[in-house]
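Colleague: got a predicted structure here, sequence first:
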Amino acid sequence: MIIHHPLLGPCDAQEFTYMGDARLIDRPDGMAEGSDAAFHDYAYLRENPAGEHRELWFHEQGDRSWLVVTRNTLTHEITQVELARDVARKQGRSR
Amino acid sequence: MHDLTPLTALGASKPRSDTIGPVTISEAPDVALASVTARLGQEAACQDALRALLGIPAPDIAAYASGPQLSAFWIGPDSWMIMAPYDTHPGLANRLTSVCKDTASVTDQTGAWARFDLTGPDLPRLMERLCNLDLAHMPPGRARRSVIDHLGCYVIKHQDGILLFAPRSAAQSLHHALLTAAQAALR
């Protein structure tokens, strides 16, 4: 499988480590009301779609950047690759 | 006063050099290394500081560049490795810290990596057996990190050949992989 890294171009998936659902970016506020339930969901609940899935990949044997990869779990086709940093900032996070 | 004999990464008192077919693989000790990573919001200031020190702009994505004294290569977003001869720059990390001040985090990497210099024609024929990078189509002045024989290594292509940085504790493993591949591909 080839992942088209936004900075480096096509890279072999061998260089990456799969780090799970991209929802892990949306860490709940631990000080907010009802954070116990929010953290339960954050830690344990995942969608398991047969189709398009947004997931985190870490370029461990490369430039060490975290990517958000949109991959079809049925065909392994990758339709979008973004830097996780850019995704988080787009959602209003400071880093 | 201690009277210790310095050893190279391969455990000998002299750096090893092997010539296999047209290719020479040489261990290159005495390299000072330090990594510089810009702090959040200080990226532009860090690049200005590096430009003043290197005499050239900090290398762009996946690039390698040499200044009058120091050379540098890109290792990640807003992150660079600076390289210099150890004899003239024993305190490279300290110097970088004093130049970059609060704009960057500097780590001394001198003892962490072993460098091998590959020279000779037909290096892509050797490298295609070792890693995923397409060295035949990679222009000089490119620096990438990839996997060679299960080891994360920096691969730098320059005008006269290739520089490889392996984790120093695995120098013998990489050296073995290089010799094995060279004997298979080039003999």
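Modeller: Done, it's in.
Colleague: quick one: residues in contact with stretch B:173-181.
Modeller: Residues outside stretch B:173-181 that contact it (CB atoms under 8 Å, 6 or more residues apart in numbering or on different chains) are B:10, B:16, B:18, B:20, B:25, B:27, B:114, B:116, B:118, B:126, B:129-130, B:148-149, B:151, B:153, B:164, B:166. For the C-beta atoms, the positions are set from N, CA and C on the backbone; glycine is no exception.
Colleague: now with 6 Å?
Modeller: When contacts are defined by CB atoms under 6 Å, 6 or more residues apart in numbering or on different chains, stretch B:173-181 is touched by residues B:I25, B:L126, B:R129, B:L130, B:D149, B:L151, B:A166.
Colleague: any residue of stretch B:122-130 touching chain A?
Modeller: No. Shown here: stretch B:122-130 not in contact with chain A (CB under 6 Å from any CB of the partner chain), separated by at least 13.2 Å.
Colleague: end-to-end on that stretch?
Modeller: 14 Å (CA to CA, to the nearest Å).
Colleague: domains of chain B?
Modeller: Following automatic domain parsing, chain B resolves into domains at B:17-29+B:112-186, B:31-108.
Colleague: list the buried residues in stretch A:20-33.
Modeller: A:A22, A:I25, A:P28 (16 or more other CB atoms under 10 Å in any protein chain shown).
Colleague: actually stretch B:176-184, not the one I wrote
Modeller: B:A177, B:L178, B:A181, B:A182.
Colleague: just stretch A:83-92 next, same as before
Modeller: Buried, per 16+ other CB under 10 Å, within stretch A:83-92: A:L83, A:A84, A:R85, A:V87, A:A88.
Colleague: got it, and stretch B:22-38?
Modeller: Result for stretch B:22-38 [16+ other CB under 10 Å]: buried residues B:23, B:25, B:27-29, B:31-38.
Colleague: closest to A:R71 out of the domains of chain B?
Modeller: Among those, domain B:17-29+B:112-186 comes nearest to A:R71, with 19.6 Å by CB to CB.
Colleague: mind checking the end-to-end distance for the closest one?
Modeller: 16 Å.
Colleague: show me the contacts for the residue in chain B that chain A sits nearest to.
Modeller: Per CB to the nearest CB, B:G76 is where chain B lies closest to chain A, at 4.1 Å. Contact analysis of B:G76 by CB under 6 Å, 6+ apart lists A:D63, A:R64.
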